[in-house]
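Q: just to be clear, the model below is a prediction. Sequence and coordinates:
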Amino acid sequence: MKSKKELGQEKLRTWEEKLQCPLCQSDMKVIEEHLVCRNYHTFDLAKQGYVNLFPEHQEENYSQSLFEARYHLMNLRNFYKGLHEQLYLLLQENNLLAPSQFIIDLGTGEGTHLDLLQENFAETNAIGLDIAKEGIQTAAKHYTSSLWVVGDLANIPLKDQTLNGALTILTPSNYRELKRVLAPGAWVIKIIPGKDYLKELREIVLPPEQVPHQPIASIEKFGSNFDLIEKASFLRVHTLTGVDNEQLLQMTPLTWNASEEERAEIQKLKHVTIDLRILVGQKI
């Protein structure tokens, strides 16, 4: 059985011609366990099989425990049950699938969404990119389906027009940079919170006027950057166990400033609403 480092090397070689140095934008080559550009900027492949292309950056709030909590809910508890099958069908119905695609998940976090989506794709090469090293470490720990990269969404370490598709789930987007790396006709799926996303938590920690989330501005911005092919909704209610409540407290920024009283209320929740808007677009 190949080690994670060996699998990471194979994926790096698959992506080698598409990668560019995040420091000088020159071509990169895989040399043994290193990624080296023509100006000799060197990035080492970690033993877990990921590569850090943003080594100077440190994320303060996004800890290992936060990403493990997300893994617990997203994978072990199937928090978004049915979402990934719906995304695949949307791509299929709009004739956006092709063999041997190169795709990216921007803000991949602990990698569960990309891994589950990958289950439906044939011969797809995928990169999970996130600015948080702890998220990429968690992804590499649990999944070997993709190349996991610590990197900046505002400085994607890929050459122009190299991608056939991009996924961004509940993550801010740099549309100028995203359009740079997408090939003409490439698909984009952006998922944003719906009006009632995590409303039970929001009702506890936010003022009443901030509880409903309004997605209109995000939809309009997406439509001004891509050909908006389809809008869809995903809605489910997740039943919480005691362990789920604790993981929910850890995984979302909504609770970072919660008081002890508010945290105690969240621990008592029996369910939580997942309300998402799915935007399917294409680069013209």
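A: Perfect, I can see it now. Numbering: from 1, shown residues only.
Q: how far is the helix or strand bottoming out on mean pLDDT in the chain from where the chain is centred?
A: One helix or strand of the chain scores below all others by mean pLDDT, DSSP states H and E: helix 242-251, with a mean of 91. The chain centre lies 20 Å from the centre of helix 242-251; the measure is CA atoms, centre = their mean, to the nearest Å.
Q: tell me the buried residues in that helix?
A: By neighbour count on 16 or more other CB atoms under 10 Å, the buried set for helix 242-251 is Asp244, Asn245, Glu246, Gln247, Leu248, Leu249, Gln250, Met251. Yep, even glycine has a C-beta here, placed from its N, CA and C like the rest.
Q: for the chain, just list every one of the strands.
A: Ranges of strands in the chain, per DSSP state E, are 28-31, 34-37, 42-44, 51-52, 102-106, 125-130, 147-150, 163-169, 182-193, 227-239, 271-282.
Q: got those strands as JSON lines, with mean pLDDT, distance to Leu117 and mean neighbour count columns?
A: Converted to JSON lines, those look like this (pLDDT from 0 to 100; distance: least, CB to CB, whole Å; neighbours: other CB atoms under 10 Å):
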{"stretch": "strand 28-31", "mean pLDDT": "96", "distance to Leu117": "26", "mean neighbour count": "17"}
{"stretch": "strand 34-37", "mean pLDDT": "97", "distance to Leu117": "25", "mean neighbour count": "19"}
{"stretch": "strand 42-44", "mean pLDDT": "97", "distance to Leu117": "26", "mean neighbour count": "16"}
{"stretch": "strand 51-52", "mean pLDDT": "98", "distance to Leu117": "21", "mean neighbour count": "23"}
{"stretch": "strand 102-106", "mean pLDDT": "98", "distance to Leu117": "8", "mean neighbour count": "24"}
{"stretch": "strand 125-130", "mean pLDDT": "97", "distance to Leu117": "8", "mean neighbour count": "26"}
{"stretch": "strand 147-150", "mean pLDDT": "98", "distance to Leu117": "15", "mean neighbour count": "27"}
{"stretch": "strand 163-169", "mean pLDDT": "97", "distance to Leu117": "7", "mean neighbour count": "23"}
{"stretch": "strand 182-193", "mean pLDDT": "98", "distance to Leu117": "9", "mean neighbour count": "20"}
{"stretch": "strand 227-239", "mean pLDDT": "97", "distance to Leu117": "14", "mean neighbour count": "14"}
{"stretch": "strand 271-282", "mean pLDDT": "97", "distance to Leu117": "12", "mean neighbour count": "19"}
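Q: quick one: which of these is nearest Glu203?
A: strand 271-282 (10.4 Å; CB to CB).
Q: what are the pairing partners of the closest one, and which direction each?
A: strand 182-193 (antiparallel), strand 227-239 (antiparallel) (DSSP bridges).
Q: now do the longest one against helix 242-251, angle only.
A: So that's strand 227-239. 140 degrees (axes from the mean of the first three to the mean of the last three CA atoms, to 10 degrees).
Q: which residue is nearest the middle of this protein?
A: Thr108 (2.3 Å; CA atoms, centre = their mean).
Q: quick check, that residue in contact with Ala139.
A: Yes - using CB atoms under 8 Å, Thr108 is in contact with Ala139, at 6.3 Å.
Q: isn't Lys190 up against Gly281?
A: Yes - if you go by CB under 8 Å, Lys190 and Gly281 touch, sitting 7.2 Å apart.
Q: do a quick rundown of the helices in the stretch 1-150 of the chain.
A: 4-15, 64-71, 83-93, 112-118, 133-142 (DSSP state H, counting those that start in this stretch).
Q: cheers, nothing more for now.
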